[in-house]
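Visitor: need coordinates for the below:
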Amino acid sequence: MSENINEFKSTKQVLELIGLTQDEIEAYFHLTGRGPVMTGEIALLINISEEKAVDVAKNLLEKGLVREIPGTNPFYIALPPYSALLNQIQNFKEIVSTLLSMWALIKSSRDAMSFTGFVFLPFLIFFLIFLDFLTVGGYFKVF
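Guide: Now for the predicted structure:
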């Protein structure tokens with residue numbers, strides 16, 4: 001029982017880290033294990049307006065957590081979160097690459113200018129602001 005609760009909490013944390021809202025998380029949990037559903041059903045499942053359910057479905061689709069079955073009224077079916085997590089890993093790799101490039105620029109500027117604080121300080125401040133922007137609640141957020 002407690003294993004299921006821990007699994008739920010950890011899945012919820014991952015979904016939060018990839019940028020889902022509470023409505024999107026709730027909708028995703030309701031959609032897993034179900035067949036295809038329309039936005040009206042999503043609205044009923046999580047008690048939101050149908051207009052909001054359309055936005056929720058589109059955001060889940062963009063994140064790779066649902067598949068759209070086209071039609072006059074499209075249906076949505078939950079997918080395992082692997083594709084969304086793969087996208088997040090790719091984004092994280094890009095962030096690390098950017099950080100490494102910034103570090104190389106800082107290092108080369110520092111070496112070329114004989115490390116004057118006036119040259120190095122703006123890069124350092126930008127780097128620290130960038131790192132602060134990426135962190136939320138002690139975790140790195142990935143877009």
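Visitor: show me where the chain has helices.
Guide: Per DSSP state H, the chain carries helices over the ranges 2-17, 22-31, 39-46, 50-62, 82-112, 117-134.
Visitor: lowest average pLDDT across those?
Guide: Among those, helix 117-134 carries the lowest mean pLDDT, at a mean of 66.
Visitor: let me know the distance separating Leu61 from Ala27.
Guide: Distance from Leu61 to Ala27, counting by Cβ to Cβ, to the nearest Å: 11 Å. From N, CA and C alone the C-beta is placed, and that goes for glycine too.
Visitor: brain fart, Leu128
Guide: With Cβ to Cβ as the criterion, Leu128 and Ala27 are 37 Å apart.
Visitor: comparing Leu61 and Ala27, which shows the higher neighbour count?
Guide: Just comparing Leu61 and Ala27: by other Cβ atoms under 10 Å the higher neighbour count belongs to Ala27, 29 against 15.
Visitor: residues in contact with that one?
Guide: Contact partners of Ala27, counting by Cβ atoms under 8 Å, 6 or more residues apart in numbering, are 42, 45-46, 53, 56-57, 60.
Visitor: next one: Ala78
Guide: For Ala78, the residues meeting the contact criterion (Cβ under 8 Å, 6+ apart) are 28, 31-34, 65-66.
Visitor: make CSV from the residues you listed and add distance to Pro74 to it.
Guide: Output for these, formatted as CSV (distance: Cβ to Cβ, whole Å):
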residue, distance to Pro74
Tyr28, 17
Leu31, 13
Thr32, 18
Gly33, 20
Arg34, 15
Leu65, 15
Val66, 10
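Visitor: tell me which of these fall in strands.
Guide: Val66 (DSSP state E).
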